[in-house]
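*Asks:* Predicted model and sequence follow; I will ask about them next.
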Amino acid sequence: MELDPGNIQRPVRILRRSLKSLTSDPPMAEVHNLRTHARRVEAIAAALMPGGKKQKQRLLKTIRPVRKAAGVVRDMDVLARNARTLARHRRNGSVARLLAYLSSMRLESARELFEAVAERRSDARRRLKRFSRQIEKRFHENKPQAAGDGPGTEAAMKLIRELNSWPGFSAENLHAFRIKMTELRISCNWPGTQTGSSWMPWARSRRRLAIGTTGSNWRRPRKRCSTLKTIARH
């Protein structure tokens with residue numbers, strides 16, 4: 001089944017809006033939204049613009065610092081959420097002090113995120129708009145192609161080989177695996193890509209295996225939880 005170009009353009013549009021509306025102290029959902037869609041745009045660019053093309057590099061150079069800054073704020077939100085669970089085990093004021101510390105760190109990280117966005121907002125939104133137009137143009141240019149002739153075939157085959165030899169899932173490589181899966185899904189559904197009947201079922205089974213093997217705890221690295229417990233003891 002072919003993918004509607006609007007579905008691929010949607011993360012680009014959402015990211016453009018997020019960059020425009022970001023405040024100096026954004027709520028947790030807004031930070032998560034910004035980070036998630038920045039990561040998706042990076043995956044789309046990697047899948048549809050393979051190689052070291054200048055346009056892709058300029059786009060990624062603008063987005064990555066914002067995504068990384070959003071990741072720091074997101075870490076503070078996750079740490080604070082985990083810290084609240086420690087209150088069931090600690091009856092003194094250590095958890096309250098920890099939460100106050102994380103809150104101050106969150107404010108500092110949010111300011112750094114706001115500054116990173118403010119510095120790059122104009123360039124990022126302009127490049128994202130251009131990228132969205134390129135997606136639609138390439139979609140229509142490649143739609144008449146015979147199966148197997150599209151630009152996504154080579155990228156998809158490369159990803160298939162990489163994922164097929166993926167080592168056992170761990171806290172260190174799960175996130176990278178999920179990113180590769182997103183790139184594969186985009187490549188497989190691009191017009192002219194030879195998807196066949198086995199690629200996407202295979203990919204979905206690998207994804208279910210990853211989620212079932214790791215569970216939700218590995219989305220929040222165990223190091224964060226151990227760090228919280230260590231701080232809370234003091």
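*Replies:* Happy to help now that I have it.
*Asks:* contacts, neighbours, all on C-alpha from now
*Replies:* Noted.
*Asks:* Helices of the chain, residue ranges please.
*Replies:* 5-21, 28-48, 54-85, 94-142, 152-164, 174-188, 199-214, 222-232 (DSSP state H).
*Asks:* Low-confidence ranges, the chain, go.
*Replies:* For the chain, the stretches with pLDDT under 70 are 1-5, 50-52, 90-91, 141-154, 188-234.
*Asks:* cutoff 80 now
*Replies:* 1-7, 46-53, 87-92, 138-160, 168-172, 175, 178-179, 182-234 (pLDDT under 80).
*Asks:* re the thing from before, want to try JSON lines for the helices of the chain, with mean neighbour count as columns?
*Replies:* Output for those, formatted as JSON lines (neighbours: other CA atoms under 10 Å):
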{"stretch": "helix 5-21", "mean neighbour count": "17"}
{"stretch": "helix 28-48", "mean neighbour count": "20"}
{"stretch": "helix 54-85", "mean neighbour count": "19"}
{"stretch": "helix 94-142", "mean neighbour count": "17"}
{"stretch": "helix 152-164", "mean neighbour count": "18"}
{"stretch": "helix 174-188", "mean neighbour count": "20"}
{"stretch": "helix 199-214", "mean neighbour count": "14"}
{"stretch": "helix 222-232", "mean neighbour count": "14"}
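*Asks:* what residues are up against the nearest residue to A38 once chain neighbours are set aside?
*Replies:* Ranked by CA to CA, 6 or more residues apart in numbering and with sequence neighbours excluded, the top spatial neighbour of A38 is R67, at 5.9 Å. For R67, the contacting residues are 34-35, 38-39, by CA atoms under 8 Å, 6 or more residues apart in numbering.
*Asks:* I179 now?
*Replies:* For I179, the contacting residues are A43, by CA under 8 Å, 6+ apart.
*Asks:* Please report how far it lies from L86.
*Replies:* 31 Å (CA to CA, to the nearest Å).
*Asks:* repeat for I63
*Replies:* For I63, the distance to L86 equals 35 Å [CA to CA].
*Asks:* I44 contacts R185, correct?
*Replies:* No. Contact status for I44 versus R185: not in contact, 9.6 Å apart, counting by CA atoms under 8 Å.
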